[in-house]
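Q: build the 3D model from these lines:
(one chain, ligands or ions: 1)
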Amino acid sequence: MWSFENDPAFQPELDWIDTFVREKVQPLDYILGSQWDIHDPEFIRLVRPLQAEVKARGLWACHLGPELGGPGYGQLKLALMNEKFGMSRFGPITFGTQAPDTGNSEILAHFGTADQKKRYLEPLLANEVVSCFSMTEPQGGADPLLFRTSAVREGDEWVINGEKWFASEAETAAFYIMMVVTDPDAESPYERASMFIIDTDTPGIEIVHNYGFYGEPDDTHAHLRLTDVRVPDSAMLGGPGQAFAIAQTRLGGGRMHHAMRTLAQATRAFEMTCERVVSRSTKGEVLARKQMVQEKIADSWVQLRQFRLLILETAWLADQGNDWKSIRKNVSAVKAIMPGVLNDIASRALHLHGSLGLSHEMPFAEWVINSFHIGLADGPTEVHKMVVAREVLKDFEVEEAQFPSYIRHQQVERARALYGTGDTTP
Ligand SMILES: Cc1cc2nc3c(=O)[nH]c(=O)nc-3n(C[C@H](O)[C@H](O)[C@H](O)COP(=O)(O)OP(=O)(O)OC[C@H]3O[C@@H](n4cnc5c(N)ncnc54)[C@H](O)[C@@H]3O)c2cc1C
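A: This is a model prediction of the structure:
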């Protein structure tokens with residue numbers, strides 16, 4: 001069965017989320033600082049009551065499906081919900097679906113022991129704490145085989161030394177989930193690292209510097225140094241050497257949720273652009289009547305629809321029982337086109353608003369910068385394009401003959417052999 005309609009039973013929920021985000025959540029973007037600063041008195045005063053409304057509606061933390069102990073409805077509905085949450089910086093945290101806590105809760109639910117779930121997953125899902133996911137290192141981001149932070153076994157403890165880079169929300173997090181090399185000599189390079197859950201107040205962890213970028217209210221991406229940090233055996237998440245497999249488990253869904261929130265941001269930019277071009281006049285007519293403006297509107301709308309369809313198809317594939325690994329061609333394609341879509345649409349929005357568009361009164365410059373963020377975090381665009389090409393080309397076999405089998409004169413011969421020779425041959 002093929003349908004482009006939302007489930008009619010779920011549509012009222014989406015409508016409720018849409019109104020709630022636009023009317024009550026978006027205003028927070030203008031008056032609050034970092035959305036992860038959950039102990040800020042203003043966060044407690046303003047965000048906690050909204051979270052309570054979401055919980056009462058049964059829409060809290062829907063990223064975990066029932067198989068992982070959550071109330072989720074599957075990836076397709078989650079995608080449609082994220083399309084609404086993404087209209088506001090505070091949308092995801094108001095609904096309990098903010099990165100990196102979503103991915104972290106997913107791997108805690110998948111791989112955590114009963115004890116780890118009680119200690120870390122439960123408070124994380126309740127947003128009593130926030131967390132940090134730390135893989136990247138100063139000397140190598142896109143190539144995880146360059147990571148050097150290592151743990152050495154001493155008795156029933158692990159002693160960790162090294163440096164981590166761009167660990168988002170390290171300052172506000174209660175714990176890190178960190179990739180650490182535990183077996184540098186393992187035969188497979190992808191089995192050399194293990195994942196650890198590390199309380200952020202563990203002695204020996206230092207925030208060397210917090211980095212930020214244009215448009216963010218606070219600097220929240222940490223350069224971390226770990227010096228003789230001791231953690232018990234029980235701090236390991238999953239088994240030894242499993243860090244890469246665990247990371248992949250969280251990244252598939254994470255990339256999809258980012259994509260849907262990005263779609264929401266691009267849609268907002270587009271809606272603002274449309275309102276402006278039908279309202280602003282120059283040389284005797286509204287901008288909307290100029291053909292070069294119309295081209296920009298058409299290009300943005302087409303990009304939005306193409307992007308949305310690919311996301312929804314991928315979410316649908318996940319709901320058919322395919323794990324993220326088996327549909328990585330789709331996931332990487334979504335991830336690869338996401339920065340370009342936002343960059344193009346936010347740039348057109350900025351340009352078509354003229355000087356106002358460039359000013360601090362408009363969010364477009366922030367969103368253009370954000371397009372670079374999403375082109376790097378969770379794997380750079382180039383790497384995802386390589387994955388798409390690799391996966392696509394797996395389905396093709398080598399043709400040994402010097403000329404391809406579809407060369408015209410051979411096709412004509414085959415066609416004649418099949419249908420005989422008649423007068424109609426071109
Ligand atoms: C806002 C933000 C938040 C982040 N949060 C986290 C976090 O919470 N935890 C965490 O662990 N990491 C985080 N990261 C780090 C992110 O994963 C890395 O930035 C990313 O992996 C790229 O690594 P790099 O920055 O070292 O760039 P590099 O690896 O040095 O890449 C440099 C350039 O080379 C390109 N490139 C890379 N590989 C290839 C290739 N194979 N072929 C062609 N070109 C290539 C890149 O696109 C880039 O343009 C975050 C990054 C950003 C920007």
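
Q: gap between the residue of the stretch 51-200 of the chain found nearest the ligand and G379?
A: In the stretch 51-200 of the chain, no residue comes nearer to the ligand than G141, which is 1.9 Å away by Cβ to the nearest ligand atom. Quick note: C-beta positions are derived from backbone N, CA and C, even for glycine. Distance from G141 to G379, counting by Cβ to Cβ, to the nearest Å: 9 Å.

Q: tell me the domain ranges of this protein?
A: Domain segmentation of the chain under automatic domain parsing yields 11-112, 131-237, 245-393.

Q: is the last one anywhere near the ligand?
A: Yes. In this structure, domain 245-393 sits against the ligand according to Cβ under 6 Å from any ligand atom; the contacting residues are 373, 376-377, 380, 382-383.

Q: how far out from the middle of the chain is that domain?
A: Computed by Cα atoms, centre = their mean, to the nearest Å, the separation of domain 245-393 from the middle of its chain amounts to 12 Å.

Q: same check, this time on the shortest one
A: Distance of domain 11-112 from its chain centroid, counting by Cα atoms, centre = their mean, is 14 Å.

Q: same thing with the second one?
A: Between the centre of domain 131-237 and the centre of its host chain there is 20 Å, according to Cα atoms, centre = their mean.

Q: what's the average pLDDT for it?
A: For domain 131-237, mean pLDDT is 96.

Q: start to end distance for that domain?
A: Domain 131-237 has an end-to-end distance of 14 Å (Cα to Cα, to the nearest Å).

Q: again with the shortest one
A: Its first and final residues considered, domain 11-112 spans 34 Å by Cα to Cα.

Q: give me phi/psi at the closest residue to V181 other than its chain neighbours?
A: In space, and not counting its chain neighbours, V181 is closest to S150: 4.3 Å by Cβ to Cβ, 6 or more residues apart in numbering. Backbone torsions for S150, taken as degrees, to the nearest 10, come to phi -130, psi 160.

Q: contact partners for S150?
A: With contact taken as Cβ atoms under 8 Å, 6 or more residues apart in numbering, S150 is in contact with 160-162, 180-182, 184.

Q: confirm that L263 sits in a strand.
A: No. L263: not assigned to a strand; according to DSSP: H, G, I helix; E, B strand; the rest coil it is helix.

Q: now do it against R305, distance only.
A: With distances taken as Cβ to Cβ, L263 is found 10 Å from R305.

Q: who's more crowded, these two?
A: L263 (24 against 10; other Cβ atoms under 10 Å).

Q: correct me, but the more buried one touches R308?
A: Yes. Counting by Cβ atoms under 8 Å, R308 is a contact partner of L263 at 5.7 Å.

Q: shared neighbours, those two?
A: E83.

Q: interface residues of the stretch 51-200 of the chain facing the ligand?
A: Within reach of the ligand by Cβ under 6 Å from any ligand atom, the stretch 51-200 of the chain has these residues: 100, 133-136, 141-142, 166-168.
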